[in-house]
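Peer 1: 3D, please:
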Amino acid sequence: MKVEIEPNGFVRDSFRCLHNKYLRKNHTVHAYGEPNGGGYAKDSHLWFTSMRNMKDLVEMPFKDYIHPEADYFEGYWDHCSIEKGTFDYDNMRRGEVFPAILYFHHETILTVACVVRTSEYPDIVTGEEQLALYIYYPSEDSLEEFKKHMELK
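Peer 2: Okay, the predicted model is just below:
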């Protein structure tokens, strides 16, 4: 079992460089990590409650994820809320990449987000392609996933 507590500097620098590259191409998505339900990381819950009161955050279940997941040991998982006006869920285009800032109570990360297809099958209600915004949490695995998603554009 591979456990990675903090990504190495090369991986963080790679995502920072990708963030800077896409700054010239698209607007920045502001994503706020949502604490998991464990309740043992009270700092993360207090911080998120404060952010929710200060910022206009949009929660869209099954439409955005921190990929593969955020810092579990600090009380986070793959759920996030997006600051209103920084991403348009109604006009998602597969393969579109955005610079992103990922906020947590203990760190702020420059990264990228990419619109990806989440299923081979169309939505059973709308018939449209199933898409979601993946905000990449820096790790070696997520760097490879980002490269893979870019190849599938």
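Peer 1: rest of the way, CA atoms for contacts and neighbours
Peer 2: Noted.
Peer 1: Quick check: buried residues in the one helix or strand in the chain whose mean pLDDT sits lowest?
Peer 2: The weakest-scoring helix or strand in the chain, judged by mean pLDDT, DSSP states H and E, is helix 140-151 (a mean of 85). Under the neighbour-count criterion of 16 or more other CA atoms under 10 Å, helix 140-151 has 142-143, 146, 149-150 buried.
Peer 1: Now do the closest residue to Tyr136 other than its chain neighbours against Asn53, distance only.
Peer 2: Once flanking residues are discounted, Tyr136 sits nearest to His67: 4.8 Å by CA to CA, 6 or more residues apart in numbering. According to CA to CA, to the nearest Å, His67 and Asn53 sit 25 Å apart.
Peer 1: just checking, next helix/strand downstream of the helix or strand containing His79?
Peer 2: Assigned by DSSP states H and E, His79 belongs to strand 76-83. Using DSSP H and E, the helix or strand that follows strand 76-83 in sequence is strand 97-103.
Peer 1: Identify the residues contacting Phe48.
Peer 2: 32-35, 104-105 (CA atoms under 8 Å, 6 or more residues apart in numbering).
Peer 1: which of the residues you listed lies closest to Val112?
Peer 2: Among the contacts of Phe48, Tyr32 lies closest to Val112 (CA to CA), at 13.6 Å.
Peer 1: Is the residue nearest the centre of the chain bridged to anything, and to what?
Peer 2: In the chain, the centroid-proximal residue (CA atoms, centre = their mean) is Ile135; its distance is 2.1 Å. Going by DSSP bridges, Ile135 is paired in beta bridges with Ile66, Ala113.
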